[in-house]
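Participant: heads up, no residue letters with this:
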């Protein structure tokens, strides 16, 4: 090559040396930073991939932090609930101890009550002071806000979890296909003598014919005795005081003229002169009055019946109150009449009206009272004074009492336990029911006498049972043969929530889906559909790397104050001094309340523990593993391989050194031309 203007060899050597220098510089940069990609130009696709992965890692890091914080919050609440549980356990022990009234003095029971009061105060204090970073956890502020509290037909509810989404609320529709039922075994009416025929009535009726005479100016005579009717004779020729006589059951009162005034006292004296007949002055001024007043049979009594034809009784008592009152005892199926001191309120018309005004029974059964005369026929007219006492009424009251027609021994088994009963021939259905109800707390079964005899579980649900085993019965007995069945079970409520089949347990229905976890207790035996809205509240935890509702978990933490803790039997505060279920007022009611409250608190702890273990801790493990995998992926894209880069560095160094030498030689080539000129 003899051209000198362009040294091609030198140019080639320069390019190779520049490339080797670039490789050397790249290796030095990667080894000094530890990164494979130091500029976007080095790997544009890798930059995009690693950037997206780093964003995910940042979200995961915060999600891990959030989940750890959530777990710490739940642990704080759980610790406080554990202390509440200890206090409740102490209260339960004090309640059980106080039930031993035969072994404890009143002072000891009062001391137990003071301890309960202190424990209740401690529970309220825990409810208000359990906080995390200034946020109260157990005062109800972390519970959901809903319209359930104002929804009719709801006895109790708990919203454990609800995903409110971006809208911030959720509507819930509950459709009840079938109400929960109690277990029931019935005994046909034919098991008794006389059998119930659907027209069982109780009659309160005076023993003798009674007439009311000369009702005028709120005064008159009540006439009682052995006669069938009364006649008045206006005898103008009879110039004498009023006279009375009786013949063939007819009481005759003779006056010289109805237009002339006669003393009621004179009429009474004339009537009282007859054997077996009595006249009683009733109210008003004791003065002369025209004998044109009304003479009519007095209302002789009332009949009371149930709309379902069930057994019924009437009982009278004297009251020191002014007005007469009426009430109904569903346990004994008895109408109780408390006779007041005001005589004007003691007529049969008044009493019948009081009975008819009584509200319907819990099962919808209504009572009907009818005023009757001495012949048992329905009669009408204004109420009349009777001036009778409770003993007078009760003496002449006939209550319908179906009776056993043979000796009987049977064992009654319920969900709470069993008892054996023994009755003799002639025992009434009411007596059997009363004996069963006396020990209902040990069997879980109550008895009633509607349309025969019914044994019914106290609670609702498929876990409730009633079983009757007749151990012995006389040959004439018909109890066993008229049993509807020997064993019966209740049933659970059948319902759907937003189209999802709900689990039923007695009157309680519940669902647990990814968006809604709640339980609702409807009123006893309710089959009504209802709807409500969850409009906010709850503790929401961000557990994922993206701020979306699907990566959040929401949890409702209810209040544990004594005013909120409770169930169908009552609230915890009712165990305090002076309250309805204090140790002095109702120790058995207190035991029911404390058991329900303990069950609720244990369920709350279990729910929080489950959320912490299955949701938070499992999520935390998954987040950590995901983060590690993503970091590994980023490392594989962005981090330098030191072994490879060290080899690249050595290669680049050698190439740079050799390239420099080659360039030096290439630059010597043009000098060879000088030899041609020499």
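Facilitator: Structure received. Since the model is a prediction, treat every value here as computed from it, not as a measurement.

Participant: Check whether residue 433 sits in a helix, strand or coil.
Facilitator: Judged by DSSP: H, G, I helix; E, B strand; the rest coil, the three-state class of residue 433 is helix.

Participant: ok, it - how many residues close by?
Facilitator: 21 (other Cβ atoms under 10 Å). No exception for glycine: its C-beta is placed from N, CA and C like everyone else's.

Participant: dump the residue contacts of it.
Facilitator: By Cβ atoms under 8 Å, 6 or more residues apart in numbering, the contact set of residue 433 is 332, 447-449, 453.

Participant: can you pull the pLDDT of it?
Facilitator: Residue 433 carries a pLDDT value of 90.

Participant: domains for this structure, by residue range?
Facilitator: 64-141+544-624, 184-193+400-489, 234-276, 302-372 (the TED database).

Participant: can you redo those as JSON lines with distance to residue 507?
Facilitator: Shown next, in JSON lines, are those (distance: least, Cβ to Cβ, whole Å):
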{"stretch": "domain 64-141+544-624", "distance to residue 507": "9"}
{"stretch": "domain 184-193+400-489", "distance to residue 507": "5"}
{"stretch": "domain 234-276", "distance to residue 507": "62"}
{"stretch": "domain 302-372", "distance to residue 507": "15"}
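
Participant: Lowest average confidence across those, which one?
Facilitator: Confidence, taken as mean pLDDT, is least for domain 234-276 of the domains of the chain (a mean of 67).

Participant: Assign residue 244 to one of the three secondary structure states.
Facilitator: Following three-state DSSP, we place residue 244 in the strand state.

Participant: In contact with the closest residue in space to it that isn't next to it in sequence, which residues?
Facilitator: Leaving aside its sequence neighbours, residue 244 sits nearest to residue 270 (Cβ to Cβ, 6 or more residues apart in numbering; 4.1 Å). Residue 270 sits next to 241-244, 253 when contact means Cβ under 8 Å, 6+ apart.

Participant: Please, which helix or strand holds residue 270?
Facilitator: Residue 270 belongs to helix 264-272 when assigned by DSSP states H and E.

Participant: just residue 75 next, same as before
Facilitator: Using DSSP H and E, residue 75 sits within helix 44-98.

Participant: now the strands for the stretch 401-550 of the chain?
Facilitator: 403-404, 408-414, 418-423, 445-448, 453-460, 465-473, 487-489, 494-497, 500-501, 503-505, 508-512, 516-522, 530-537, 539-542 (DSSP state E, counting those that start in this stretch).

Participant: Redo the ones you listed as CSV? Include mean neighbour count and distance to residue 20.
Facilitator: Putting the strands of the stretch 401-550 of the chain into CSV (neighbours: other Cβ atoms under 10 Å; distance: least, Cβ to Cβ, whole Å) gives the following:
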stretch, mean neighbour count, distance to residue 20
strand 403-404, 20, 118
strand 408-414, 19, 97
strand 418-423, 15, 100
strand 445-448, 24, 99
strand 453-460, 23, 90
strand 465-473, 17, 93
strand 487-489, 17, 91
strand 494-497, 19, 74
strand 500-501, 12, 71
strand 503-505, 17, 76
strand 508-512, 19, 68
strand 516-522, 22, 67
strand 530-537, 17, 68
strand 539-542, 19, 52
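
Participant: Those: which one's closest to residue 431?
Facilitator: Across the strands of the stretch 401-550 of the chain, residue 431 has its closest neighbour in strand 418-423 (7.2 Å, Cβ to Cβ).

Participant: Helices along this structure, start to end?
Facilitator: 8-33, 44-98, 106-129, 264-272, 348-356, 390-395, 429-438, 440-443, 587-610, 618-638, 642-668, 673-677 (DSSP state H).

Participant: Export the ones you listed as a markdown table, with columns for distance to residue 419.
Facilitator: Below are the helices of the chain laid out as a markdown table (distance: least, Cβ to Cβ, whole Å):
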| stretch | distance to residue 419 |
| --- | --- |
| helix 8-33 | 87 |
| helix 44-98 | 22 |
| helix 106-129 | 28 |
| helix 264-272 | 58 |
| helix 348-356 | 34 |
| helix 390-395 | 32 |
| helix 429-438 | 8 |
| helix 440-443 | 5 |
| helix 587-610 | 18 |
| helix 618-638 | 49 |
| helix 642-668 | 85 |
| helix 673-677 | 132 |
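
Participant: ok, residue 516 to residue 588 distance?
Facilitator: Distance of residue 516 to residue 588, computed by Cβ to Cβ, to the nearest Å: 37 Å.

Participant: ignore the last one, residue 165
Facilitator: Separation of residue 165 from residue 588 (Cβ to Cβ): 47 Å.

Participant: Check residue 608 too.
Facilitator: The spacing between residue 608 and residue 588, counted by Cβ to Cβ, is 31 Å.
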